[in-house]
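>>> Here is my input, please return the structure:
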Amino acid sequence: MSSTTRPAVTTVTALAVLTLVLGVPAYADDGEPSAPPGSTTTSPPPEVDANSPGLQLADGATLAPAKVLDIKSVVEDLGGEERREDTNQDVKFALQAEVLFPKDSSKLNPEAKARIAAIAEEIEAQNATNVRVFGFTDDLGSYAHGLTLSKKRAEAVHDQLAAGLGGDVTFEVRGYSEDYPIADNSSEQGRRKNRRVEVSFPRGSGPDSGTEQSQGQSR
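Residues are numbered from 1 along each chain as shown. Next up, the predicted model:
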């Protein structure tokens, strides 16, 4: 897919939740929601006595500090070819193998270099000095072949990233074969998502803030 015809993206953002607790969290007695998700009720809220002793802090007790839960933002192409996840701590890009490589190959496509260059720009913008590059395959073919292929693909992405970054960036490069799938390997759509290379790095961690054949199976 050319860069001029890339589809729109969809964004899913997990909202931060601000909670004040008295030392232990409160849970429903039966662990179940009081009503099915999406349902409404016309029942009036229960009356609460603000002066009830059970609602008052014991002598000397204080409220626990406010805690903001992690914010996670996910942006993915409608075709699932490229995915970006942002949290308060990390940034992660996941690119489908078909976007980066020919079938059963660890040689980068010409288009892949532009996508990797964009990731390198983000690494520089975040002043990241530690970058993880992990390769993954689907569950077709042998595990050993997938391990080799996923590692070589990760190395190819690393080499392209390193060429566009300064020498003060440390890389961790690994291949995981079919381990850690993000989709169901029982369908081709799921296997396509699992064939990927992920590039991740801590947010603001800097000072300023080849071809393999698959024994008759394809990966």
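
>>> Every contact and neighbour count from this point should use C-alpha atoms.
Will do.

>>> For stretch 154-174, buried residues please.
Ala154, Glu155, Ala156, Val157, His158, Gln160, Leu161, Ala162, Phe171, Val173, Arg174 (16 or more other Cα atoms under 10 Å).

>>> next one: phi and psi at the fourth one?
So the one you mean is Val157. Main-chain dihedrals, Val157, degrees, to the nearest 10: phi -70, psi -40.

>>> one step back: for the buried residues of stretch 154-174, give me JSON lines that also has distance to Ser106.
JSON lines is the format used below for the buried residues of stretch 154-174 (distance: Cα to Cα, whole Å):
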{"residue": "Ala154", "distance to Ser106": "8"}
{"residue": "Glu155", "distance to Ser106": "9"}
{"residue": "Ala156", "distance to Ser106": "7"}
{"residue": "Val157", "distance to Ser106": "9"}
{"residue": "His158", "distance to Ser106": "12"}
{"residue": "Gln160", "distance to Ser106": "12"}
{"residue": "Leu161", "distance to Ser106": "15"}
{"residue": "Ala162", "distance to Ser106": "17"}
{"residue": "Phe171", "distance to Ser106": "18"}
{"residue": "Val173", "distance to Ser106": "14"}
{"residue": "Arg174", "distance to Ser106": "14"}
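
>>> quick one: which helix or strand includes Val73?
In this structure residue 73 is Ser, not Val. Taking DSSP states H and E as the criterion, Ser73 maps to strand 72-77.

>>> Of the buried residues of stretch 154-174, which is the nearest to Pro46?
Checking the buried residues of stretch 154-174 against Pro46 by Cα to Cα gives Arg174 as the nearest, at 55.5 Å.

>>> Which residue, other than its chain neighbours, is closest to Thr87?
Spatial nearest neighbour of Thr87, excluding adjacent residues (Cα to Cα, 6 or more residues apart in numbering): Lys72 at 4.5 Å.

>>> Burial check on the one you found, number of neighbours?
Other residues within reach of Lys72, judged by other Cα atoms under 10 Å, total 17.
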